[in-house]
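**Student:** sharing a model prediction with you, sequence too.
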Amino acid sequence: MATIELFNTLGGKIESLAPVGTPALRMYCCGPTVYDYGHIGNFRTFLHVDVLRRVIRQHGIPVEHVMNITDVDDKIIRNAAAAGVPIAQYTEKFERAFFEDLDALGIQRPEHISHATACIPDMVSLIQQLAAKDIAYQAEDGSWYFRIARFPEYGKLSKKDFDGIEDGARVDIDEYEKDAARDFALWKAVKPGEQSWDTALGTGRPGWHIECSAMATKFLGDDIDLHAGGEDLMFPHHENEIAQSESASGKPFARHWMHVRFLLVEGKKMSKSEGNFYTLRDLLLKGYRASAIRFLLISVPYRHQMNFTFKALADATNAVDRLRTFYQRMTILADLLKGGFDDSETATDPNILGIVEKAREDYTAALNNDLNTAEASAAIFELVRAGNAVADAGTLRPGVAVEILKVLDLFDGVFAVLEDRDAAITRAALAWAEAEGRIDEAAPELVATLAFSDADIDALVAERTQAKKTRNFARADAIRNDLLAKGILIEDSKDGVRWKRK
RNA sequence: GCACCGAUGGCGAAGUGGCUAACGCGCUGGUCUGCAAAACCAGUAUUCAUGGGUUCAAAUCCCAUUCGGUGCUCCA
């Protein structure tokens, strides 16, 4: 099979991605700091890493993927103190929410998930290795710093040349003891009232960057295949990881670096002050579907800045619906064969098999080409149109529908939007909002629609079908319009009546 | 301020030197339907921010300008 070509920030060009030294591809992705609910920008990154791991697995390559949970840092300490609870209690809630959100968005769990606070000994040991080489040094207050002067390659990932850059315009009030302004904290000495650990380095807590170096090494070794994260992490976070890891091991830390670009929201940087800051839960309560959010965030390739808009989100909902409708149509056709139906005599379009094959090839080639999800979905929509047209003409053999379904399954192995879990996810979000006292943020129509059970809807749909049989169209249309007003759409088809929630 | 990235139809968005500028959504007309919906067909940018240049050939390369974004500081 063709190789996966992926842009490598280190080197600045597209390179083949493949495991070296082990059968599995060993990758590390910087995880969340669990001090609040995840926002759509966070999830854009996690979604594209999910796309990557799914593509790798479709190539038959196993993945060994590590993600950290940062459960101690300045913001957590500050917020937990403000809430008057221990940090573990504070982070537990947001960590649980984070995993619920991953599930809602269909993001696969990494093979290894570890907490920063569970890896303190690993971090201490790493810092000790650096200290033995005099690369880590302790300041007078007891904090430990990384001596950047001892790592000449510093800046190679973010392409920064620190020679000649002025070195000390800013001096943080509690970092005045550093030897050089760029030196970064490995271990922060304890401050009154803060959570701390008693270690060989003294009493304190880890700096931010060290956990990723320690965890990646702990689970994957000191020369991993891929390291991924948001573009903002490139500097200083990833640069510092490289400095720590490579200084300790003497080996290149990660061969391949992947960075996902930020998104804009309604054309502007997402920020609380702009009023365009959205968590996944905010969107679910507004009535948008998890599947549409996934599809939209994935559909723009990861290296492009994408503009997230509510219009685009509504459009994505329709696009996903079209894919699902087509999938159902093909499934119904393919299922004819299960009943022992012999389709060898069925009229058949002479070109459709070639179109199916082309869709498969275009789809695969697009993803292999630096994860071009836009072109990949275009290939699938070409198949949708062709398949529908042939089916409309009555020349789609069930055996061909089986082949089409294979391509759709390949597609869904990465895009993961065809299975409809949306109503359940939205119900869970409403239950959460209720528990948090935020139910007033939910769109009223959403509450109304979900208040209707499937059985309620089925009963009304049956009544309408009965009315139609007696040609009582006034009554039938009244039911249809009433349901539509509540967000439920009825579709009559040759195979019976379908309905769906809008 | 310095550095880097981007600007493609009504909206979102591919395409980075050469076939009629993908794809999705929307809109208009048609087919189908009791009417709709779904689905299909046709139409919907002679043109790729603006101005110059290179080339037989440019949305794609170069220069300038305008606008948006990012990094230099916590951030996915």
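**Tutor:** That came through fine. Numbers count the residues shown, from 1 in each chain, chains lettered A, B, ... in the order given.
**Student:** quick one: the host helix or strand of A:Met215 near RNA strand B?
**Tutor:** A:Met215 belongs to helix A:210-220 when elements are defined using DSSP states H and E. No. Judged by C-beta under 7 Å from any atom of the strand, helix A:210-220 stays clear of RNA strand B, getting no closer than 10.4 Å. For glycine as for every other residue, the C-beta is placed from the backbone atoms N, C-alpha and C.
**Student:** what sits up against that helix?
**Tutor:** A:26-28, A:30, A:64, A:66, A:68, A:70, A:112, A:114, A:116, A:119, A:122-123, A:125-127, A:186-187, A:224, A:227, A:237, A:241, A:244-245, A:248-249, A:253-254 (C-beta atoms under 8 Å, 6 or more residues apart in numbering).
**Student:** for that helix, C-alpha coordinates in PDB please.
**Tutor:** Output of helix A:210-220 as PDB, limited to C-alpha atoms (Å, rounded to 0.1, in the frame of the first residue of the first chain):
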ATOM      1  CA  ILE A 210       8.800  18.100  31.700                       C
ATOM      2  CA  GLU A 211       5.700  15.900  31.900                       C
ATOM      3  CA  CYS A 212       5.500  15.300  28.200                       C
ATOM      4  CA  SER A 213       9.200  14.400  27.900                       C
ATOM      5  CA  ALA A 214       8.900  12.000  30.900                       C
ATOM      6  CA  MET A 215       5.700  10.300  29.700                       C
ATOM      7  CA  ALA A 216       6.600   9.900  26.100                       C
ATOM      8  CA  THR A 217       9.900   8.200  27.200                       C
ATOM      9  CA  LYS A 218       8.200   6.100  29.900                       C
ATOM     10  CA  PHE A 219       5.700   4.600  27.500                       C
ATOM     11  CA  LEU A 220       7.300   4.800  24.100                       C
END
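**Student:** ok, and does the helix or strand following that helix reach over to RNA strand B?
**Tutor:** Sequence order places strand A:224-230 as the next helix or strand after helix A:210-220, per DSSP H and E. Yes. Applying C-beta under 7 Å from any atom of the strand, one finds strand A:224-230 touching RNA strand B at A:229-230.
**Student:** run the chain-centre distance for the helix or strand just after strand A:224-230.
**Tutor:** Downstream of strand A:224-230, the next assigned helix or strand under DSSP H and E is helix A:239-249. The chain centre lies 27 Å from the centre of helix A:239-249; the measure is C-alpha atoms, centre = their mean, to the nearest Å.
**Student:** elements contacting helix A:239-249?
**Tutor:** helix A:120-132, strand A:144-146, helix A:210-220 (3 or more C-beta pairs under 8 Å, 6 or more residues apart in numbering; DSSP states H and E).
**Student:** any chance of the ones you listed in JSON lines, plus distance to A:Thr317 and mean neighbour count?
**Tutor:** Output for the helices and strands packed on helix A:239-249, formatted as JSON lines (distance: least, C-beta to C-beta, whole Å; neighbours: other C-beta atoms under 10 Å):
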{"stretch": "helix A:120-132", "distance to A:Thr317": "44", "mean neighbour count": "19"}
{"stretch": "strand A:144-146", "distance to A:Thr317": "48", "mean neighbour count": "25"}
{"stretch": "helix A:210-220", "distance to A:Thr317": "36", "mean neighbour count": "25"}
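**Student:** can you add mean pLDDT and give the ones you listed back as CSV?
**Tutor:** Listed next are the helices and strands packed on helix A:239-249 as CSV, based on pLDDT from 0 to 100:
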stretch, mean pLDDT
helix A:120-132, 96
strand A:144-146, 93
helix A:210-220, 96
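**Student:** make TSV out of these and add distance to A:Val402.
**Tutor:** Output for the helices and strands packed on helix A:239-249, formatted as TSV (distance: least, C-beta to C-beta, whole Å):
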stretch	distance to A:Val402
helix A:120-132	50
strand A:144-146	58
helix A:210-220	40
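**Student:** and A:Ile479, how far from RNA strand B?
**Tutor:** Here the criterion is C-beta to the nearest atom of the strand, to the nearest Å. By it, A:Ile479 lies 10 Å from RNA strand B.
**Student:** burial measure for that residue, as a count.
**Tutor:** Other residues within reach of A:Ile479, judged by other C-beta atoms under 10 Å, total 18.
**Student:** now do the SS call for it.
**Tutor:** Secondary structure state of A:Ile479, per DSSP: H, G, I helix; E, B strand; the rest coil, is helix.
**Student:** packing partners of the top helix by length along chain A?
**Tutor:** Criterion DSSP state H: the longest helix present in chain A is helix A:310-335. For helix A:310-335, the contact count by 3+ C-beta pairs under 8 Å, 6+ apart identifies helix A:290-299, helix A:373-392, helix A:398-415 as packing neighbours.
**Student:** elements contacting the shortest one?
**Tutor:** Spelled out, that is helix A:290-299. helix A:40-58, helix A:280-285, strand A:306-308, helix A:310-335, helix A:373-392, helix A:398-415, helix A:422-436.
**Student:** quick check: mean pLDDT of that helix?
**Tutor:** The average pLDDT within helix A:290-299 is 96.
**Student:** same check on the second one?
**Tutor:** Taken as a whole, helix A:373-392 carries a mean pLDDT of 96.
**Student:** and that helix, does that touch RNA strand B?
**Tutor:** Yes. Helix A:373-392 comes into contact with RNA strand B (C-beta under 7 Å from any atom of the strand), by way of A:374-375, A:377-378, A:381-382, A:384-385, A:388-389, A:391-392.
**Student:** out of these, which end up buried?
**Tutor:** A:377-378, A:384, A:388, A:391 (16 or more other C-beta atoms under 10 Å).
**Student:** contacting residues for the residue of the stretch 151-300 of chain A found nearest RNA strand B?
**Tutor:** The stretch 151-300 of chain A approaches RNA strand B most closely through A:Gly230 (1.4 Å), counting by C-beta to the nearest atom of the strand. Listed by C-beta under 8 Å, 6+ apart, the contact partners of A:Gly230 are A:30, A:41-42, A:45, A:259-260, A:262.
**Student:** of those, which is the most crowded?
**Tutor:** Going by other C-beta under 10 Å, A:Thr45 tops these with 27 neighbours.
**Student:** could you measure from it over to A:Ala476?
**Tutor:** Between A:Thr45 and A:Ala476 the distance is 48 Å, computed by C-beta to C-beta, to the nearest Å.
**Student:** for A:Leu233, same thing?
**Tutor:** Relative to A:Ala476, and taking C-beta to C-beta, A:Leu233 is found at 57 Å.
**Student:** cool, A:Ser114 as well?
**Tutor:** Using C-beta to C-beta, we find A:Ser114 at a distance of 58 Å from A:Ala476.
**Student:** next: A:Leu280.
**Tutor:** Distance, A:Leu280 to A:Ala476, by C-beta to C-beta: 39 Å.
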